[in-house]
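[1] sequence-free structure coming up:
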């Protein structure tokens with residue numbers, strides 16, 4: 001005779017495991033769809049759709065009807081920010097970020113690299129009338145941002161290939177969407193020590209980013225300066241990068 005209680009517990013555990021697998025895939029890819037998820041996780045489309053709808057209803061995912069995709073929702077962002085508040089790097093970085101923003105008179109941000117996306121941990125807005133806002137928890141594809149490309153450049157190319165999706169999404173007309181071009185740029189960043197965003201994440205927005213390494217040289221986070229393209233010109237970027245590198249060193253010494 002089959003133990004009904006045992007079967008129920010087993011089925012419940014299997015359902016939770018499937019839901020967690022979907023959340024992990026959404027985290028790694030940034031945005032997922034029903035067919036892609038079913039293929040990646042070897043589930044039926046009906047099962048995937050049911051899980052996606054349930055997770056969206058509970059706030060763990062968001063459904064973008066225009067893109068027909070699902071991304072991480074406010075509940076996960078809230079939980080993530082609660083965990084982030086406990087991280088030393090955020091607390092230790094706050095004062096150096098404020099000082100750098102005051103020095104450059106531009107918005108300065110602290111990001112974490114989570115697989116294929118960067119997430120905004122903290123930021124200091126400048127006092128310019130035309131400035132970049134800092135919505136905490138915001139995520140962007142790592143390959144279109146200076147804050148994402150800087151730590152990606154420190155990783156083994158095979159690790160980068162495994163972390164990012166096969167098809168590179170665009171968030172602006174200048175976004176890099178071809179793997180050979182991205183690999184060339186990451187090598188240049190690796191040599192130069194800093195990354196640039198030339199309207200790749202958003203139209204008329206420029207950025208400069210550097211990795212914040214831990215004491216053994218591994219990327220811990222990234223800091224970047226964002227400004228309208230008319231103010232942060234390409235020729236100004238090496239000087240901004242030097243200031244960012246000094247700030248990154250200050251953060252590491254404090255952690």
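    Cool, the structure landed. Just so you know, these numbers come straight off a predicted model, no measurement behind them.
[2] Next one: residue 121 from residue 77, what distance?
    12 Å (C-beta to C-beta, to the nearest Å). All C-beta atoms are positioned from the backbone trio N, CA, C, and that covers glycine.
[3] low pLDDT regions in the stretch 51-200 of the chain?
    Within the stretch 51-200 of the chain, the segments meeting pLDDT under 70 span 65-67, 80-87.
[4] where do the strands sit along the stretch 151-255 of the chain?
    195-198, 205-213, 219-228 (DSSP state E, counting those that start in this stretch).
[5] Tell me which other helices or strands the first one touches.
    With contacts defined as 3 or more C-beta pairs under 8 Å, 6 or more residues apart in numbering; DSSP states H and E, the secondary structure elements packing on strand 195-198 are helix 146-152, strand 205-213.
[6] which strands and helices sit next to the last one?
    Contacts of strand 205-213 with other secondary structure elements, assessed using 3+ C-beta pairs under 8 Å, 6+ apart, are made with helix 146-152, strand 195-198, strand 219-228, helix 237-254.
[7] could I get the ones you listed as JSON lines with distance to residue 70?
    Converted to JSON lines, the helices and strands packed on strand 205-213 look like this (distance: least, C-beta to C-beta, whole Å):
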{"stretch": "helix 146-152", "distance to residue 70": "21"}
{"stretch": "strand 195-198", "distance to residue 70": "26"}
{"stretch": "strand 219-228", "distance to residue 70": "26"}
{"stretch": "helix 237-254", "distance to residue 70": "34"}
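[8] what's the closest of these to residue 126?
    strand 219-228 (7.9 Å; C-beta to C-beta).
[9] tell me which residues of the closest one are tucked away?
    By neighbour count on 16 or more other C-beta atoms under 10 Å, the buried set for strand 219-228 is 219-227.
[10] one step back: nearest to residue 25, out of the strands of the stretch 151-255 of the chain?
    When these are compared by C-beta to C-beta, strand 219-228 sits nearest residue 25, at 23.0 Å.
[11] so residue 178 makes contact with residue 166?
    No: here residue 178 does not reach residue 166: they are 11.7 Å apart, not a contact under C-beta atoms under 8 Å.
[12] Between those two, point out the one with more neighbours.
    residue 178 (9 against 6; other C-beta atoms under 10 Å).
[13] Can you name the residues that contact the more buried one?
    residue 168 (C-beta atoms under 8 Å, 6 or more residues apart in numbering).
[14] Need the phi and psi values for it.
    phi -110, psi 130 (degrees, to the nearest 10).
[15] do you know how far it is from residue 128?
    Taken as C-beta to C-beta, the span from residue 178 to residue 128 is 34 Å.
[16] List just the nearest of the buried residues of strand 219-228 to residue 59.
    Using C-beta to C-beta, residue 221 is the member of the buried residues of strand 219-228 that sits closest to residue 59, with 26.2 Å.
[17] Tell me what that closest one is bridged to.
    In this entry, residue 221 is beta-bridged to residue 212, by DSSP bridges.
[18] which stretches of the stretch 1-150 of the chain form helices?
    4-29, 34-41, 45-57, 74-84, 88-104, 146-152 (DSSP state H, counting those that start in this stretch).
[19] May I see those helices organised as a markdown table, with mean neighbour count added?
    Output for the helices of the stretch 1-150 of the chain, formatted as a markdown table (neighbours: other C-beta atoms under 10 Å):
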| stretch | mean neighbour count |
| --- | --- |
| helix 4-29 | 14 |
| helix 34-41 | 16 |
| helix 45-57 | 16 |
| helix 74-84 | 14 |
| helix 88-104 | 17 |
| helix 146-152 | 30 |
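[20] is it possible to export those helices to JSON lines including distance to residue 236?
    Output for those, formatted as JSON lines (distance: least, C-beta to C-beta, whole Å):
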{"stretch": "helix 4-29", "distance to residue 236": "34"}
{"stretch": "helix 34-41", "distance to residue 236": "40"}
{"stretch": "helix 45-57", "distance to residue 236": "43"}
{"stretch": "helix 74-84", "distance to residue 236": "31"}
{"stretch": "helix 88-104", "distance to residue 236": "10"}
{"stretch": "helix 146-152", "distance to residue 236": "13"}
